[in-house]
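Trainee: make a model of this:
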Amino acid sequence: MGPSGKKKIIFIVNPISGVGRQKDIEALINKYLDASLFDFSVVYTEKPGDATELSMNAVSQGLNAVIAVGGDGTVNEIAQGLVGTDVALGIIPTGSGNGLSRHLGIPMNPKKALRILNTFRKEKIDTATLNDSLFVSVAGVGFDASVAKKFSRSGKRGFRTYFNIVASSYPFYRPKKYRMVIDGKEITRRALLVSFANSSQFGNNASIDPSAVLDDGYIDVCIVRKVPLWKMSFIVPLLFMKKFDRTHYIEIIRAKDVELVRKKGKSGHLDGDPFKAGKNVHLKIQPLSLNIIIP
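Mentor: Okay, the predicted model is just below:
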């Protein structure tokens, strides 16, 4: 708390995230954030890693919350600075996918999202690490990681760009063989992708794991087989109807610790952003390690 008894918060804005909803954010904050409750400042990121550094500074300065104005990548960077502390994460979703926000029911409309901050209702959620790198919502290897890599290089944001990359890459992508030790039990699968889901959301309301829970102490290992092209028009809508988990193209195993080995491939993704995962991947859960402001 500040000397005025108000909560001290900082808004960290990613100026290039998503589709431009963050352009007039300062005017919206001044209009919709309850000034009697908060002392606030607004800062803008200039390069990858800035949001983590700014969040760590916020912790050392004793702030009450850090608000991410961006997409899942911005949320991930800020969470890296806040995990294991009492400082809460808030979200004004302005990204391309906004997976975590959609899972939590945070409105995509910045005005409505700001009003939720005024209630300052918090809960603790799980996070996890992939090879010691943090993720909050979803991480993975395979096809979605290869798409994340192309998306980050495309120079364009938004759902249409993402969809075009998926549509052009999918017919040519060959499933890979994965050997996994899941909480001590070994399995081998050939899969299109292996996704580690803390939340139910891939983003844009696509859900491969509608039953994922953020605070249950588990990560859901989602092993997805390749759907034949002729079936895609029937199967893809099930992602958005939250019924994909009922098909036989996915196997979901709840886990706390996973070792994954593959012969080929280096790419992975953390909350939609690409990272070099290598052939050996180790997943660990961090139960109730992040405070988050919820509706």
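Trainee: now for residue 41, how many residues are close by?
Mentor: 11 (other Cβ atoms under 10 Å). Glycine gets a C-beta too; all of them are placed from N, C-alpha and C.
Trainee: sec struct for it, please.
Mentor: Three-state call for residue 41 (DSSP: H, G, I helix; E, B strand; the rest coil): strand.
Trainee: nearest spatial neighbour of it, skipping sequence neighbours?
Mentor: residue 10 (5.1 Å; Cβ to Cβ, 6 or more residues apart in numbering).
Trainee: and the helix or strand hosting the one you found, what does it pack onto?
Mentor: Following DSSP states H and E, one finds residue 10 within strand 7-13. Applying 3 or more Cβ pairs under 8 Å, 6 or more residues apart in numbering; DSSP states H and E, we find strand 7-13 packed against helix 25-32, strand 38-44, helix 50-60, strand 65-70.
Trainee: same for the shortest one, what does it pack against?
Mentor: Contact analysis of strand 65-70 by 3+ Cβ pairs under 8 Å, 6+ apart lists strand 7-13, helix 50-60, helix 72-82, strand 88-93 as its packing neighbours.
Trainee: what is the mean pLDDT for that strand?
Mentor: For strand 65-70, mean pLDDT rounds to 96.
Trainee: please apply the same query to the longest one.
Mentor: Confidence over helix 50-60, taken as the mean pLDDT, stands at 97.
Trainee: cool, and stretch 160-176?
Mentor: On average, stretch 160-176 scores 90.
Trainee: neighbouring contacts of that stretch?
Mentor: Outside stretch 160-176, the residues within contact range by Cβ atoms under 8 Å, 6 or more residues apart in numbering are 96-97, 142-143, 146-147, 150-151, 154, 190-192, 204, 225-226, 229, 262-265.
Trainee: again, only using 6 Å
Mentor: Residues outside stretch 160-176 that contact it (Cβ atoms under 6 Å, 6 or more residues apart in numbering) are 143, 147, 150, 151, 154, 190, 191, 192, 226, 262.
Trainee: list phi and psi for residue 150.
Mentor: phi -70, psi -40 (degrees, to the nearest 10).
Trainee: spit out the contact partners of it.
Mentor: Going by Cβ under 6 Å, 6+ apart, the list of residues near residue 150 reads residue 165.
Trainee: related to what we said a few turns ago, which of the helices and strands packed on strand 65-70 sits closest to residue 137?
Mentor: Nearest to residue 137, of all the helices and strands packed on strand 65-70, is helix 72-82, at 5.9 Å by Cβ to Cβ.
Trainee: export only the CA atoms of the longest strand anywhere in the chain, formatted as PDB.
Mentor: Ranked by residue count under DSSP state E, the longest strand found in the chain is strand 280-293. Extracted C-alpha coordinates of strand 280-293, given in PDB (Å, rounded to 0.1, in the frame of the first residue of the first chain):
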ATOM      1  CA  ASN A 280      15.000 -34.000 -24.000                       C
ATOM      2  CA  VAL A 281      12.200 -32.100 -22.300                       C
ATOM      3  CA  HIS A 282      11.400 -32.100 -18.600                       C
ATOM      4  CA  LEU A 283       8.100 -30.700 -17.300                       C
ATOM      5  CA  LYS A 284       7.500 -29.900 -13.600                       C
ATOM      6  CA  ILE A 285       4.500 -28.400 -11.900                       C
ATOM      7  CA  GLN A 286       4.700 -25.500  -9.400                       C
ATOM      8  CA  PRO A 287       1.500 -25.700  -7.400                       C
ATOM      9  CA  LEU A 288      -0.300 -22.500  -6.400                       C
ATOM     10  CA  SER A 289       2.700 -20.400  -7.200                       C
ATOM     11  CA  LEU A 290       1.100 -17.300  -8.800                       C
ATOM     12  CA  ASN A 291      -1.400 -14.800  -7.500                       C
ATOM     13  CA  ILE A 292      -3.800 -13.600 -10.200                       C
ATOM     14  CA  ILE A 293      -6.700 -11.100 -10.300                       C
END
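Trainee: distance of the residue nearest to residue 64 when sequence neighbours are not counted from residue 105?
Mentor: Leaving aside its sequence neighbours, residue 64 sits nearest to residue 7 (Cβ to Cβ, 6+ apart; 4.2 Å). Between residue 7 and residue 105 the distance is 22 Å, computed by Cβ to Cβ, to the nearest Å.
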